[in-house]
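A.B. asks: fold the following, please.
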Amino acid sequence: METNTILEIVGTILNLAFLILVIRENIWCWLFGILGSLVSIYLFIETKLYSESILYSYYVIMGVYGWRKWSANSGKRPLQVSETSLYVHSGWIVFSIAVSISLGWLFSNYTDANNPYFDAFTTVFAFLATYFEAIKLRSAWLYWIAINGLSVWLYMQRGLEIYSVLMLIYFILSFVGLLKWQKSYAKSKMELL
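C.D. replies: Next comes the predicted model:
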C-alpha cells in the first residue's frame with residue numbers, strides 16, 4: 001500500500017472522529033480535528049490542491065481556537081448553540097464569494113493548481129463554516145452540507161477516492177449535525193424563557 005493511501009486512511013479516520021464528536025458537541029472533537037488536519041495538509045500539497053492545504057492549516061488553528069472557546073466556560077454554563085440574522089449571513093456570503101474569486105485567480109495565474117476557482121470556493125466557505133462551528137452557530141451545518149457535497153466531486157477528480165468517500169459521509173452526517181444542533185438550539189432558547 002502506498003504511503004499516501006495509508007495517510008489518506010489515517011486522515012479519514014481522524015477527520016471522521018472529529019465530525020462525530022463535533023455533532024455530539026464533545027470538546028475532544030478539536031484534538032481529532034487538529035491531528036486529521038495535519039495529515040491532510042501533506043496529502044493536499046502532494047495532489048496540488050493548494051487551497052485545501054491552506055484550509056487544513058486553518059483547521060489546525062481553529063482546532064486550538066475551538067478547544068479554547070468550548071472550554072472557556074468550564075464550570076459555568078457551556079457555550080450554547082446560537083444563530084445570527086440572514087442579513088449577517090448575506091454579508092458573509094458576498095464577502096466569501098469575492099475572496100473565492102480572488103484566491104481562484106491567484107492560484108490560476110501563479111501556481112499549477114487543479115480547479116483553482118472551485119477549490120478556492122470550497123476552501124473559503126469552509127473557513128467561514130469552521131468559524132461558525134467554533135462559535136456554535138447552528139447554520140454552520142447548512143454551509144457544510146453544500147461544501148461537503150461539492151468536495152465529493154473535487155476529491156474524486158484528484159484521485160483521492162478515500163477522501164471523496166469521507167466527504168460523502170460528511171455530507172450525510174452534516175444533515176445529522178444540523179438536526180442535532182437544531183435541537184440544542186431550541187433547548188437553549190427554552191432555557192432562557
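A.B. asks: gap between the two ends of stretch 71-88?
C.D. replies: Distance across stretch 71-88, first residue to last, is 26 Å (CA to CA, to the nearest Å).
A.B. asks: check stretch 154-164 too.
C.D. replies: One end of stretch 154-164 to the other measures 8 Å (CA to CA).
A.B. asks: quick one: buried residues of it?
C.D. replies: Judged by neighbour count (16 or more other CB atoms under 10 Å), stretch 154-164 contains these buried residues: 154-155, 158, 160, 162-164. All C-beta spots, glycine's among them, are computed from the backbone N, C-alpha and C.
A.B. asks: farthest pair within those?
C.D. replies: Leu154 and Ile162 (13.8 Å; CB to CB).
A.B. asks: ok, and the closest non-adjacent residue to Gly149?
C.D. replies: Phe171 (4.9 Å; CB to CB, 6 or more residues apart in numbering).
A.B. asks: neighbours around Gly66, how many?
C.D. replies: Residues within reach of Gly66, counting by other CB atoms under 10 Å, total 25.
A.B. asks: other residues contacting stretch 69-82?
C.D. replies: The contact list for stretch 69-82 (CB atoms under 8 Å, 6 or more residues apart in numbering) reads 25, 27, 30, 134-138, 181, 184-185, 188.
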